[in-house]
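> My questions concern the predicted model and sequence given below.
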Amino acid sequence: SMPVTVPCQDDWDGQYRTGKTLGSGTYAIVKEAIHIETGKYYACKVINKKLMEGREHMVRNEISVLKKISSGHRNIVTLHDYFETAHNLYLCFDLCTGGELFDRICAKGNYYEADAADLVRTIFLAVKYIHDSGIVHRDLKPENLLFRTQAEDADIMIADFGLSRVMDEEKLTMLTEICGTPGYMAPEIFKKTGHGKPVDVWAMGVVTYFLLAGYTPFDRDSQQLEMEAIIAGDYKFEPKEYWANVSETAKDFVAQCLTIDPRSRPTAAEVLQHKWLADKEPHFVPDP
Ligand code: ADP
Ligand code: MG
């Protein structure tokens, strides 16, 4: 997707001064912003209204979702401020200075299994909190998982609720719009058979695979082939050399998350009971 350029404004609402660009997605650019009065730093998501034409509901939705869960979970970015100008919408979040999980995986090659299990457990505890609040994130992927600081042991934070929906209890299982990012999308999204909370568990299965191996399970030469592989649940723990240091318990965990039928897929609460996350001892012990 093309990065969005937002008209330069140095004085948002007279309250913030902007700094460097932190990232950009389909509809938004995220900039470091300093709140002039308090000197505090935030990450401000600037959304150009023109590019949002007809899709403003997506942003209003993001705001309502974030408000709903703003009571706070340590591993979810907090929305601190929201305002609009003629051209833009502004959402000010906690500033995460540690970068995306995506970049840490790329820098490391892959994660040690015990470290991966710690991260996945923390993320799933936050996902359970989100699900218990009646919300589906729908866009969990390493680009939307950020580290609070640059420290090695920094908190992992869930960001980007732009595609999530406050779930109407009645319609819980019947969200049929195509959304999300192909590589992390669950089979039921492509099959248009309705989807809800289980899509987040699937996406976390893909994230976990990526953490352990350093590459994603459904990478194919075209989006069509990728989609077919996802629908068929066609992935392997191969090439073998990338999986030599990974326990059977970890592979079983990934396989559980990547259950094709969403009704048989474990819930966030259930995956937290899986041996891989429930035991704190390492499952893979390297040869001395
Ligand atoms: P989009 O909906 O366009 O994907 P995101 O909310 O995911 O927007 O933000 C895009 C990128 O900006 C993220 O992938 C991340 O690199 C950066 N970013 C977003 N929120 C923050 C934050 N709170 N702190 C630091 N960087 C952030
Ligand atoms: Mg994003």
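Thanks, I have the structure now. Numbers count the residues shown, from 1 in each chain. Ligands and ions are numbered 1, 2, ... in the order given.

> Tell me the spacing between the closest residue in space to Arg55 that isn't next to it in sequence and Ala186.
With C-beta to C-beta, 6 or more residues apart in numbering as the criterion, Arg55 has its nearest non-adjacent residue at 7.1 Å, and that residue is Tyr27. All C-beta spots, glycine's among them, are computed from the backbone N, C-alpha and C. Separation of Tyr27 from Ala186 (C-beta to C-beta, to the nearest Å) stands at 23 Å.

> Arg17: how many residues sit nearby?
When neighbours are counted by other C-beta atoms under 10 Å, Arg17 registers 13.

> before we move on, what about Lys192?
Neighbour tally, Lys192, other C-beta under 10 Å: 10.

> Report the separation between it and ligand 2.
23 Å (C-beta to the ion, to the nearest Å).

> And His73, by the same measure?
Note on His73: its distance to ligand 2, by C-beta to the ion, is 18 Å.

> Within the helices and strands, which one has the residue nearest to that residue when sequence neighbours are not counted?
Among residues not flanking His73 along the chain, Tyr129 sits closest, at 4.8 Å (C-beta to C-beta, 6+ apart). Using DSSP states H and E, Tyr129 falls within helix 113-132.

> Can I get that helix as PDB, trimmed to CA atoms?
The C-alpha coordinates for helix 113-132 follow below in PDB (Å, rounded to 0.1, in the frame of the first residue of the first chain):
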ATOM      1  CA  GLU A 113      11.500 -20.400  22.000                       C
ATOM      2  CA  ALA A 114      11.200 -19.400  25.600                       C
ATOM      3  CA  ASP A 115      11.300 -15.700  24.700                       C
ATOM      4  CA  ALA A 116       8.700 -16.300  22.000                       C
ATOM      5  CA  ALA A 117       6.400 -18.100  24.500                       C
ATOM      6  CA  ASP A 118       6.700 -15.100  26.900                       C
ATOM      7  CA  LEU A 119       5.700 -12.700  24.200                       C
ATOM      8  CA  VAL A 120       2.900 -14.800  22.800                       C
ATOM      9  CA  ARG A 121       1.500 -15.400  26.400                       C
ATOM     10  CA  THR A 122       1.500 -11.600  27.000                       C
ATOM     11  CA  ILE A 123      -0.200 -10.900  23.700                       C
ATOM     12  CA  PHE A 124      -2.800 -13.600  24.300                       C
ATOM     13  CA  LEU A 125      -3.600 -12.200  27.800                       C
ATOM     14  CA  ALA A 126      -4.300  -8.800  26.100                       C
ATOM     15  CA  VAL A 127      -6.300 -10.500  23.300                       C
ATOM     16  CA  LYS A 128      -8.400 -12.300  25.900                       C
ATOM     17  CA  TYR A 129      -9.100  -9.000  27.600                       C
ATOM     18  CA  ILE A 130     -10.100  -7.500  24.200                       C
ATOM     19  CA  HIS A 131     -12.300 -10.500  23.500                       C
ATOM     20  CA  ASP A 132     -13.900 -10.400  27.000                       C
END
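
> so what does that helix touch, helix or strand wise?
strand 156-158, helix 198-213, helix 248-257, helix 268-271, helix 275-278 (3 or more C-beta pairs under 8 Å, 6 or more residues apart in numbering; DSSP states H and E).

> Nearest to ligand 2, out of the ones you listed?
Minimum separation from ligand 2 across those (C-beta to the ion) falls at strand 156-158, 10.8 Å.

> In terms of neighbours, single out the busier of Tyr27 and Ala186.
Between Tyr27 and Ala186, counted using other C-beta under 10 Å, the more crowded position is Ala186 (26 against 19).

> isn't that one right next to Pro262, touching?
Yes. In this structure, Ala186 is within contact of Pro262 by C-beta atoms under 8 Å, at 6.7 Å.

> Tell me which helix or strand comes right after the helix holding Tyr129.
Next along from helix 113-132, by DSSP H and E: strand 135-136.

> now for that following strand, which elements pack on it?
Using 3+ C-beta pairs under 8 Å, 6+ apart, strand 135-136 is in contact with strand 165-166.

> give me every residue that touches the residue positioned nearest the centre of the chain.
Centroid-nearest residue in the chain: Leu140, 2.7 Å away (criterion: C-alpha atoms, centre = their mean). Contact analysis of Leu140 by C-beta atoms under 8 Å, 6 or more residues apart in numbering lists 123, 127, 158, 184, 200, 203-204, 207.
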